[in-house]
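Asks: Following is a predicted model, sequence given first.
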Number of protein chains: 2
Amino acid sequence: MARAVKPTKRGYHHGDLPEALAKAAEALVREAGASGFSLRECARRAGVAHSAPGHHFGDAGGLLTEVAARGFDRLTARMRERRGDAEGPEALQRIGMAYVDFALSDPAVLQLMFHSDRVDCDNARFKRAGEAAFGELVSAVASTTGRPSPDEGTLRFAWSAVHGVSTLLINGQRQGAAAARRANPLALAEGTIRRTVHAVRTFRG
Amino acid sequence: MARAVKPTKRGYHHGDLPEALAKAAEALVREAGASGFSLRECARRAGVAHSAPGHHFGDAGGLLTEVAARGFDRLTARMRERRGDAEGPEALQRIGMAYVDFALSDPAVLQLMFHSDRVDCDNARFKRAGEAAFGELVSAVASTTGRPSPDEGTLRFAWSAVHGVSTLLINGQRQGAAAARRANPLALAEGTIRRTVHAVRTFRG
DNA sequence: AAACAATCTTGACGCCGTCCAGATCGTGGC
DNA sequence: GCCACGATCTGGACGGCGTCAAGATTGTTT
């Protein structure tokens, strides 16, 4: 019988502790942010001893890196899903909006993915996941410009604008300002993405 | 005699402990990032007891918030300085590059200013400092569009692109990738800012 | 000179990450 | 069948951390 699929009911061995720890860590990051995260609390939620996580993820940064990598996986999936079979500027618009939507629905994880000094940026799994997400953007920009491989400058610009509006909207939500919360953040992002698509299409060095 | 200017040589009272703590905290954030920061280490560097910072800044978040607010002060000053008396697109280009330059010269503090869950975003001093920096951008965008007060969408777009390229460049530097480090990051940013200025000038809803 | 508020120290508490030795479990060799 | 072995997890220890409370020290005011 598959060992990892059917977890043993209880006992010294857990069944699939790495998965359980990653889930717990994700939930904890969402609740308390990267700074509120703790290995011991993860272990508690997974029902194991405080030192168990270390055997699978090394240290706290290792587990957080896994959470960040999973975030990239979900981001990639959402961008693919939202793009559908769209091509041209519409593809880029959808990719951008999917990015913003992900950021607003999981702000703590997005902060972790890009702006935490606790994740190991050189981790192979993390890098692969990040590059896959970037690939979706590359594809959409290529479809917009009509060229097979868009130039680096255009890619950097598109990535910057989409990423920037996402993080700034998160920041706006984080502040108690009523003005920032009254409007629909997604609607605010739409204009920014539109300007970005416009520049990708019309800018000539 | 001015009490705060000439610190007492030694003794129970420090002279200007808040200032000394803020300086120590800034240095510590630069060395170890927001996650490596600790109140006790700050106190050690300022030569006071471990609990002294609490009397002036409340808790750890309070001191980090002060560091972030100072970051905004420096950012504002640098943008003003780099803009000089430029007007029009050139003003916006310079403001944007000043922003990137600040981010690259003080990455840990910029991360703290925007992406740390340990700073109190509702702190009055912090908000004022942030709005002052934003005001510099507003002024430059206004000068670019020719209108006295640019629309919110354009502002959001410009801020997003400039901020996004800054944080992504920081991320690139943080990763060990040799490819990212071989090129001059400021040169890479220039094209992005140029595209941003282009969109601010030419986009019509 | 005495009282007072501001400033700083000392000590304590619980939580944290990390290391280590040892207990328990699954599995393959005999 | 059983035994040895590696993988997995426990329990305890250590030092560092943030925060709180009580007390010592200082500058100022009365």
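Replies: It's in.
Asks: going forward, measure contacts and count neighbours with C-alpha atoms only.
Replies: Fine.
Asks: can you count the residues close to A:Ala183?
Replies: A:Ala183 has 10 neighbouring residues, counting by other Cα atoms under 10 Å in any protein chain shown.
Asks: Ramachandran angles for it?
Replies: Per-residue torsions, A:Ala183: phi -90, psi 160 (degrees, to the nearest 10).
Asks: Can you give me the distance of it to B:His115?
Replies: 22 Å (Cα to Cα, to the nearest Å).
Asks: again, but for A:Arg195
Replies: From A:Arg195 to B:His115 the distance is 24 Å (Cα to Cα).
Asks: What of A:Arg174?
Replies: From A:Arg174 to B:His115 the distance is 10 Å (Cα to Cα).
Asks: what does A:Val109 give?
Replies: Between A:Val109 and B:His115 the computed distance is 12 Å (Cα to Cα).
Asks: what about those two, which has more around it?
Replies: A:Val109 (26 against 22).
Asks: Show me what the helix or strand harbouring the more buried one is packed up against.
Replies: Here A:Val109, judged by DSSP states H and E, is contained in helix A:107-115. Applying 3 or more Cα pairs under 8 Å, 6 or more residues apart in numbering or on different chains; DSSP states H and E, we find helix A:107-115 packed against helix A:17-36, helix A:60-83, helix B:107-115.
Asks: Quick one: closest of the ones you listed to DNA strand C.
Replies: For those, proximity to DNA strand C was assessed by Cα to the nearest atom of the strand; helix A:60-83 is nearest, at 4.0 Å.
Asks: and the closest one with DNA strand C, contact?
Replies: Yes. Helix A:60-83 lies within reach of DNA strand C by Cα under 7 Å from any atom of the strand, at A:Ala60, A:Gly61.
Asks: could you point out which element follows the helix or strand bottoming out on mean pLDDT in chain A?
Replies: None of the helices or strands of chain A scores lower by mean pLDDT, DSSP states H and E than helix A:178-182, at a mean of 66. Sequence order places helix A:185-202 as the next helix or strand after helix A:178-182, per DSSP H and E.
Asks: Please, which helix or strand holds A:Val165?
Replies: Taking DSSP H and E as the definition, one finds A:Val165 inside helix A:152-174.
Asks: And that helix, what does it pack against?
Replies: Using 3+ Cα pairs under 8 Å, 6+ apart: helix A:152-174 touches helix A:89-105, helix A:124-145, helix A:178-182, helix A:185-202, helix B:152-174, helix B:185-202.
Asks: Nearest to DNA strand C, out of these?
Replies: helix A:124-145 (18.1 Å).
Asks: since we're on the closest residue to A:Arg44 other than its chain neighbours, how many residues are nearby?
Replies: Distances taken as Cα to Cα, 6 or more residues apart in numbering or on different chains place A:His50 nearest to A:Arg44, at 6.9 Å, with adjacent residues excluded. Neighbour count for A:His50, taken as other Cα under 10 Å: 14.
Asks: Three-state assignment for A:His50, please.
Replies: Following DSSP: H, G, I helix; E, B strand; the rest coil, A:His50 is assigned to coil.
Asks: Next one, pLDDT for it please.
Replies: At A:His50, the pLDDT value in this model is 98.
Asks: Can you give me the distance of it to A:Leu39?
Replies: As judged by Cα to Cα, A:His50 and A:Leu39 stand 7 Å apart.
Asks: try A:Thr65
Replies: 13 Å.
Asks: Likewise for A:Leu64?
Replies: According to Cα to Cα, A:Leu64 and A:Leu39 sit 10 Å apart.
Asks: A:Asp122 too?
Replies: Separation of A:Asp122 from A:Leu39 (Cα to Cα) stands at 21 Å.
Asks: Okay, buried residues for stretch A:71-86 please.
Replies: A:Gly71, A:Phe72, A:Asp73, A:Leu75, A:Thr76, A:Arg78, A:Met79, A:Arg80, A:Arg82, A:Arg83 (16 or more other Cα atoms under 10 Å in any protein chain shown).
Asks: what's the closest of those residues to chain B?
Replies: Nearest to chain B among those, counting by Cα to the nearest Cα, is A:Phe72 at 15.0 Å.
Asks: residue contacts, that closest one?
Replies: Residues near A:Phe72 by Cα atoms under 8 Å, 6 or more residues apart in numbering or on different chains: A:Met113, A:Ala129, A:Gly130, A:Ala132, A:Ala133.
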